[in-house]
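Colleague: Need coordinates for the below:
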Amino acid sequence: MSLSPETARRVDGLVAEAQAAGHAPSLLIGVVRDGALIHLGVAGEHPRPDVDLQYRLGSISKTMTAVLVMQERDAGRLTLDDPLDRHLPGTPLGALTLRQLLGHASGLQREPDGQWWERAEGGDLATLLAGLSADKIAYPPHLSYHYSNLAYGLLGGVLERLTGKPWFDLLRERILDPLGMRRTTYQATEPFARGYVVHPWHDTLREEPRTDTGAMAPAGQLWATAADLATWAAFLADPAPGVLAAASLTEMCAPVVISDLDSWRGGHGLGLELYRQGDRVYVGHGGSMPGYVAALAVHRPSRTGVVGFANSYGFRVGGISLLGQQVLTTVLDAEPALATPWRPATAAPPAEVAELTGRWWWMGHPTDVTWDAGAGQLVAYRRGERMLRFAPAGPDRWRGCSAEENGELLAVLRDGDGRAVALDVATFVLTRTPDEEP
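Modeller: Residues are numbered from 1 along each chain as shown. Sure thing, here's the model as predicted:
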């Protein structure tokens, strides 16, 4: 699969314009669809970008830290509502919950104490914890969005204490090796792009240091290539179950807090940023470290995403995250994902299921119930357009697994002869004819 020549030209044009206007020494944007990197738009010659050239991920590292936390939750070793004190006892911020830290809803200040952590050699976890005090709360917890790098340093400490392994060792074992992300590393590994600050008046380049951020590494340390970041984008679209359950990744994409209360165009889930573009919602994260910016955005329903890197600290005009979202919207508008082909069923449903199919009524409104043999689910079309799914939950019991009926119980009501005469969905009773009283 590849982009059409016209769409590819539009993407390449956007990348070229952004590099020229933004004064980025090198810039790349990759398009990912159905698990593969299908196009790479590049611009700039310092150095010439390619699919195996490393750049720094910055805060995109947080998305992987968050998946590690979710793995521990799924294994039963923590809950998201655990207070921090349960895992890092004795801290003056111990009442904050892991969920609040993951979603930037803890009110915790943005940075740790001391030098700017992104440009300085970092200390160990004990040093990070020693710098904590009760006045590090910048806002009341969970009342507003307040981005915190410090929160992710603490989450890395939770993982280290819980597993007995350094954060990167855990990351490599649990995520990088299983997904084949061999060129995602803790420190830069050749070939890699040097990172720069571009002088605002002279357009000269100043190379930035490549630091080991120590205990703050879970917030932004990693280096990766376009190929590896494309693998991560594909995972966010359709996770490998051996790494994280699909339901857990979907949970990460639900908003913990809205970061833009004026227009609701942005929010934050469990480690993932949420961006609304028209009727679409993208999930991902931006990243920056001295000398580098990065972008990741994924439209999960179409399994389409973008990844991006530049080796300068910011763009003179615009930003790489906005560019990535613009490219993603351009691709989706020009080449929407094809619908899954319909295939005929190979056999009729079991008799006890077949009698539930057909038209049911509630308060004069029809609901058509069909059978999805592949999924083993009842599918209800409410007023011809709203699709609801129900999975088996025992004899004459079905559990809602989509939209407003997610988790609700559908009970089959039978008459004295054992015939299904009504469906009770969370006390809303559907009958076979519109004139029956529910």
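Colleague: need the strands for the stretch 1-150 of the chain, in chain order.
Modeller: 26-33, 36-44, 55-56 (DSSP state E, counting those that start in this stretch).
Colleague: How about residue 421: what's its closest non-neighbour residue?
Modeller: Of all residues not flanking residue 421 in the chain, residue 415 sits nearest, at 4.9 Å (CB to CB, 6 or more residues apart in numbering). Where you see a C-beta, it was placed from the backbone N, CA and C, and this is true even at glycine.
Colleague: picking up where we left off before, export the strands of the stretch 1-150 of the chain to CSV and tack on mean neighbour count and mean pLDDT?
Modeller: Below are the strands of the stretch 1-150 of the chain laid out as CSV (neighbours: other CB atoms under 10 Å; pLDDT from 0 to 100):
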stretch, mean neighbour count, mean pLDDT
strand 26-33, 26, 98
strand 36-44, 20, 98
strand 55-56, 28, 98
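Colleague: among these, which is nearest residue 264?
Modeller: strand 26-33 (26.2 Å; CB to CB).
Colleague: What helix or strand is residue 322 located in?
Modeller: Secondary structure assigned from DSSP states H and E places residue 322 in helix 320-334.
Colleague: Contacts made by stretch 356-374 with the rest, please.
Modeller: 345-347, 349, 353-354, 377-384, 389, 412, 420, 423, 428-434, 436, 438 (CB atoms under 8 Å, 6 or more residues apart in numbering).
Colleague: List buried residues within these.
Modeller: 349, 353, 377-380, 382, 389, 412, 423, 429-431 (16 or more other CB atoms under 10 Å).
Colleague: For the stretch 1-150 of the chain, just list every one of the helices.
Modeller: Remark: helices assigned in the stretch 1-150 of the chain by DSSP state H, counting those that start in this stretch are 5-22, 61-74, 98-102, 125-130, 149-163.
Colleague: where among those helices is the average confidence lowest?
Modeller: Note on those: helix 125-130 shows the lowest mean pLDDT, a mean of 90.
Colleague: CA atoms only for that helix - export them in PDB, please.
Modeller: The C-alpha trace of helix 125-130 is given here as PDB (Å, rounded to 0.1, in the frame of the first residue of the first chain):
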ATOM      1  CA  LEU A 125      15.600   8.500  42.100                       C
ATOM      2  CA  ALA A 126      16.600   9.300  45.600                       C
ATOM      3  CA  THR A 127      17.800  12.700  44.600                       C
ATOM      4  CA  LEU A 128      14.500  13.400  42.700                       C
ATOM      5  CA  LEU A 129      12.400  12.300  45.700                       C
ATOM      6  CA  ALA A 130      14.600  14.400  48.100                       C
END
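Colleague: In strands only, show me the contacts of stretch 356-374.
Modeller: Among the contacts of stretch 356-374, the members falling in strands are 377-382, 389, 412, 420, 423, 428-431 (criterion: DSSP state E).
Colleague: Nearest to residue 64, out of the buried ones among the contacts of stretch 356-374: which one, please.
Modeller: Ranking the buried ones among the contacts of stretch 356-374 by separation from residue 64, with CB to CB as the measure, puts residue 389 on top at 30.7 Å.
Colleague: Make sure that closest one is actually in contact with residue 401.
Modeller: Yes - when contacts are counted by CB atoms under 8 Å, residue 389 is listed as touching residue 401 (5.0 Å).
Colleague: list residues touching both of these two?
Modeller: Joint contacts of residue 389 and residue 401 (CB under 8 Å, 6+ apart) are residue 377.
Colleague: still on that earlier bit, which one in the ones in strands among the contacts of stretch 356-374 is the model shakiest on?
Modeller: Ranking the ones in strands among the contacts of stretch 356-374 by pLDDT, residue 382 lands last with 84.
Colleague: Which strand residues bridge that one?
Modeller: With DSSP bridges applied, residue 382 shows beta-bridge pairing to residue 367, residue 386.
Colleague: What distance do you get for it to residue 15?
Modeller: 43 Å (CB to CB, to the nearest Å).
Colleague: what's the nearest residue to residue 211 if we skip its chain neighbours?
Modeller: residue 121 (5.6 Å).
Colleague: State whether the one you found and residue 216 are indeed in contact, as I suppose.
Modeller: No - judged on CB under 8 Å, residue 121 makes no contact with residue 216 at a distance of 10.6 Å.
Colleague: Those two: which has the busier surroundings?
Modeller: residue 216 (25 against 11; other CB atoms under 10 Å).
Colleague: Contact partners for that one?
Modeller: If you count contacts by CB under 8 Å, 6+ apart, residue 216 has them with 112, 117, 122, 128, 149, 150, 152, 153, 156.
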